[in-house]
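Trainee: Kindly generate the corresponding structure for this input.
(2 chains)
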Amino acid sequence: MNLFVLVWNYLKAKPLNTVLNLILLALGIAVITLLLVFNNQLQSNITKNGRGIDLVVGAKGSPMQLILCNIFHVDFPTGNIKLNEAEKIAKNRLVKQAIPLALGDSYAGYRIVGTNKDYVQLYDLKINSGKFWSKPLEVTIGSYVAQTTGLKLGDTFASSHGMTEGGHSHDEHLFTVVGILEPSASVTDNLIFTSIESVWIMHEEHGEGGEEEGEEPHHHHDTVSIANPSKLVSSVSANDSTHEVTSLLIEYRSPMGAVQMPRFVNAQSTLQAASPAFETARLFSILGVGVDVLMGFAYLLIFISALSIFIALYNSLKERRYDLAIMRSMGASRFKILITVFTESIWLTLAGSIIGILVGHAVIYALIAFLPELQKTGFSAFIIYQEEWILLAGSLLLGCVCAILPAWQAYKTNISEVLAKN
Amino acid sequence: MIETQSVSFQYPGDKIIAFQDFSIKKGEHTLLLGESGSGKTTLLHLISGLLRGYKGSIHFLQQELNTLSESQLDQFRAQHIGFIFQKNHLISALTTEQNLMLAPYLATKKSDKERIHYLLNRLGLEKKKNANVKTLSQGQAQRVAIARALVNQPAVLFADEPTSALDDKNCDVVIDLLLEVANESKATLIMATHDQRVKNKISKQIILNS
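Mentor: Numbering: from 1, shown residues only, chains lettered A, B, ... in the order given. Predicted coordinates for the structure are as follows:
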């Protein structure tokens, strides 16, 4: 016989009460864990995907859309910008690096991104097998794309226009897989990378890219050296007004860029600049309302469970007054009785939160298993956050608080009176 | 072993109850007799250290109980005293054996498995070892109570109306067993009762008048 056996037997003697209290608390804790994990992973995802990018420059439209489209690849492009205008931005002395992106096509729902090697460095992309894209129509695919589509090195495929499967197919030109990336747990796992020229080739056939000249572009896909190559796309000459890109990812040379660049870009009639930091903060403040409501609900659940545990303890202690007096008559100190009540309460709250945290993670695990969208974003059910330890510590405290009054009542029980009354 | 001198006690807002002086020697089983309301339970609680704040003196194993603090009394009871009450005093959340194991745990003593095994056998409870105490009959429950009171080998065994809930047959069996195991354990039995059936079992009697 020891403290835990005694407490366990008391809890076991009232299974319905115990289970109800556990469920109530576990539910509250599970919701909090769920929100915690989602919030944390979303934020770390966003920071990971947006790292090193100070500004996104694209066509006029919604700045949020610009960020969602060009950094997180979840929204549609705002439109295209002329290469020569993009160059002007890239040449600004406040810009350390400008990476062009050309979007528009997809394969099996995965976006094809036309860009250059600077993107590889920015996202620290690593090759798992094969190599990075170099020639036009060569693609390097993200690990998740490879996993789900089954594309292997040397495979070819036709892209379709837009983001949906079964959209207009560009059958004339086939992409060839030349490399597969290592998993990075960021958005790049779900992208197909190619050169900007490849995207142009795809679109010139029906003139979507503003490319009307037909034959001429094919020349610069060969290794013809150009006297004054564009800073952004080396195969075309600088100040080219016929080609277009979707956006530029910009890294500032100095903090001064944050002050001057957005104004400089927005002053150009066709361009707009959006700051990932600002837009994601805005996104979070919008999402935050929903998160706050859910959090409030979770705290309400926890409060109710605390109340329920308190009432259960208080009631069972009333029934147990005689038991406690008997225990005292057998030589148990008041302190021992006090500890017994506290242990019972803490056992409940601690078990409740451990179950809650496990359920929270299990739900995330299930969501990831059933929602491909979450798999794509690299969510994991197996990351334990510091806040979860705080939850456990908090439930310990909650157990203590619930037990204070009942324990005090047990502590000051008059043994003789209780025994004589029965 | 126990000696009292001009002991009186007053419940708040009630009249003073005065008790006659008496002394009980080691091994001298004693009955506290009297009608209900005569203060039997009060006296029992006073000399067993459950109730504090009396006037006069109670010497228990050369110890004046009034000088002991609440926690010293807890220890004193744990060391020297076993209790048997009228009924409903087994911990219903536990099994028979666990109820016996509770005694050393609460008294902060080492659990003696052999002692528990011996008492269970001696009181014919071996088969009920793992039974929930709620399923026991009154007679069985009272035997468990006797066993539990004796687990820690107390010097004195206090019993408050231990037979009042039992029928004649069970009463006889339980009292006989109680006396036997108390003797075997060298415990002095002090029993408060108004049960006529036990009067002729114990010769030393202290009669309380209301």
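Trainee: Flag every buried residue along stretch B:29-46.
Mentor: Using 16 or more other Cβ atoms under 10 Å in any protein chain shown as the test for burial, stretch B:29-46 gives B:29-34, B:38-46. (C-beta placed from N, C-alpha, C; glycine too.)
Trainee: And chain A, is it touching that?
Mentor: Yes - counting by Cβ under 8 Å from any Cβ of the partner chain, chain A is contacted by stretch B:29-46 at B:41, B:42, B:45.
Trainee: Just the element for the closest residue to chain B within the stretch 151-300 of chain A, please.
Mentor: In the stretch 151-300 of chain A, the residue found nearest to chain B is residue A:300; the distance is 31.8 Å by Cβ to the nearest Cβ. Element membership of residue A:300 [criterion: DSSP states H and E] is helix A:276-319.
Trainee: hey, which helix is longest across chain B?
Mentor: Across chain B, the longest stretch assigned as helix under DSSP state H is helix B:168-184.
Trainee: returning to what we had before: and the residue nearest to the residue of the stretch 151-300 of chain A closest to chain B when sequence neighbours are not counted, which of the three is it?
Mentor: Leaving aside its sequence neighbours, residue A:300 sits nearest to residue A:28 (Cβ to Cβ, 6 or more residues apart in numbering or on different chains; 7.7 Å). Three-state call for residue A:28 (DSSP: H, G, I helix; E, B strand; the rest coil): helix.
Trainee: Then the one 4 residues further on?
Mentor: Per three-state DSSP, the secondary structure class of residue A:32 is helix.
Trainee: Could you report the neighbour count for it?
Mentor: As a burial measure, residue A:32 scores 25 neighbours (other Cβ atoms under 10 Å in any protein chain shown).
Trainee: Please report how far it lies from chain B.
Mentor: Distance of residue A:32 to chain B, computed by Cβ to the nearest Cβ, to the nearest Å: 32 Å.
Trainee: list the contacts for that residue?
Mentor: Each residue near residue A:32 by Cβ atoms under 8 Å, 6 or more residues apart in numbering or on different chains is listed here: A:295, A:298, A:299, A:302, A:356, A:360, A:391.
Trainee: Please identify, among those residues, the one with the most neighbours.
Mentor: residue A:356 (31 neighbours).
Trainee: Quickly find the element holding that residue.
Mentor: Per DSSP H and E: residue A:356 is located in helix A:334-370.
Trainee: what is the rounded mean pLDDT of that helix?
Mentor: Averaging pLDDT along helix A:334-370 yields 92.
Trainee: same for the helix holding residue A:300, what does it pack against?
Mentor: Helices and strands touching helix A:276-319, by 3 or more Cβ pairs under 8 Å, 6 or more residues apart in numbering or on different chains; DSSP states H and E, are helix A:15-50, helix A:63-70, helix A:334-370, helix A:386-411.
Trainee: buried sites along stretch A:107-121?
Mentor: Judged by neighbour count (16+ other Cβ under 10 Å), stretch A:107-121 contains these buried residues: A:107, A:109, A:110, A:111, A:112, A:113, A:114, A:115, A:116, A:119, A:120.
Trainee: what do you get for stretch A:61-77?
Mentor: Across stretch A:61-77, burial judged by 16+ other Cβ under 10 Å covers A:63-75, A:77.
Trainee: where does chain B dip in pLDDT?
Mentor: For chain B, residues meeting the criterion pLDDT under 70 lie at B:88, B:210.
Trainee: and residue 76, which of the three is it?
Mentor: You didn't pick a chain, so chain A it is. What three-state DSSP gives for residue A:76 is coil.
Trainee: think we crossed wires, I meant chain B
Mentor: Three-state call for residue B:76 (three-state DSSP): helix.
Trainee: ok, now which ones touch the closest residue to it other than its chain neighbours?
Mentor: Once flanking residues are discounted, residue B:76 sits nearest to residue B:49: 5.6 Å by Cβ to Cβ, 6+ apart. Neighbour list for residue B:49: B:60, B:65, B:68, B:73, B:76, B:77, B:81 [criterion: Cβ under 8 Å, 6+ apart].
Trainee: Just give the nearest non-adjacent residue to residue 163, would you?
Mentor: In the absence of a named chain, chain A is used. Among residues not flanking residue A:163 along the chain, residue A:106 sits closest, at 5.0 Å (Cβ to Cβ, 6+ apart).
Trainee: think we crossed wires, I meant chain B
Mentor: Once flanking residues are discounted, residue B:163 sits nearest to residue B:171: 4.5 Å by Cβ to Cβ, 6+ apart.
Trainee: close enough to count as contact, the one you found and residue B:198?
Mentor: Yes - in this structure residue B:171 lies within contact range of residue B:198 using Cβ atoms under 8 Å: 7.4 Å.
Trainee: ok, these two, which is more surrounded?
Mentor: Legend: neighbour count by other Cβ under 10 Å for residue B:171 and residue B:198, higher for residue B:198 (23 against 19).
Trainee: measure that one to residue A:419 for me?
Mentor: Residue B:198 sits 20 Å away from residue A:419, going by Cβ to Cβ, to the nearest Å.
Trainee: what's around the residue nearest to residue A:163, how many residues?
Mentor: By other Cβ under 10 Å, neighbour count at residue A:106 equals 21.
Trainee: can you pull up the bridge partners for it?
Mentor: The partner list for residue A:106 in beta bridges (DSSP bridges) reads residue A:111, residue A:160.
Trainee: The residue nearest to residue A:300: neighbour count?
Mentor: 25.
Trainee: wait, it sits on residue A:356?
Mentor: Yes - if you go by Cβ under 8 Å, residue A:28 and residue A:356 touch, sitting 6.7 Å apart.
Trainee: which element follows the longest helix of chain B toward the C-terminus?
Mentor: Downstream of helix B:168-184, the first helix or strand assigned by DSSP H and E is strand B:188-193.
Trainee: That next one: partners in the sheet, and parallel or antiparallel?
Mentor: Strand B:188-193 is paired, per DSSP bridges, with strand B:30-33 (parallel), strand B:156-160 (parallel).
Trainee: need the residues of chain B near chain A, please.
Mentor: Selection of chain B residues close to chain A by Cβ under 8 Å from any Cβ yields B:41-42, B:45, B:48, B:50-51, B:70-71, B:74-75, B:77-79, B:81, B:83, B:85-86, B:88-89, B:91-94, B:98, B:101-108, B:111, B:148, B:152, B:160.
Trainee: Sort out for me which of those residues are in helices.
Mentor: Going by DSSP H, the helices hold B:41-42, B:45, B:70-71, B:74-75, B:77-79, B:98, B:101-106, B:148 from the residues of chain B next to chain A.
Trainee: Please, a ChimeraX command that selects the buried ones among those residues?
Mentor: Here is the ChimeraX command that selects the buried residues among those (16+ other Cβ under 10 Å):
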select /B:41,42,45,74,75,77,78,98,101,102,103,104,105,106,148
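Trainee: which one is residue B:201 nearest to, not counting chain neighbours?
Mentor: Nearest residue to residue B:201, sequence neighbours excluded (Cβ to Cβ, 6+ apart): residue B:175, at 5.5 Å.
Trainee: give the contact list for the one you found.
Mentor: For residue B:175, the contacting residues are B:162, B:163, B:197, B:198, B:201, by Cβ under 8 Å, 6+ apart.
Trainee: nearest spatial neighbour of the closest residue to chain B within the stretch 301-422 of chain A, skipping sequence neighbours?
Mentor: Here the stretch 301-422 of chain A gets closest to chain B at one residue, residue A:331, 2.6 Å apart by Cβ to the nearest Cβ. For residue A:331, ignoring the flanking residues on the chain, the nearest one in space by Cβ to Cβ, 6+ apart is residue B:78 at 2.6 Å.
Trainee: which residues touch the residue nearest to residue B:163?
Mentor: Contacts here follow Cβ under 8 Å, 6+ apart; on that basis residue B:171 touches B:163, B:195, B:197, B:198.
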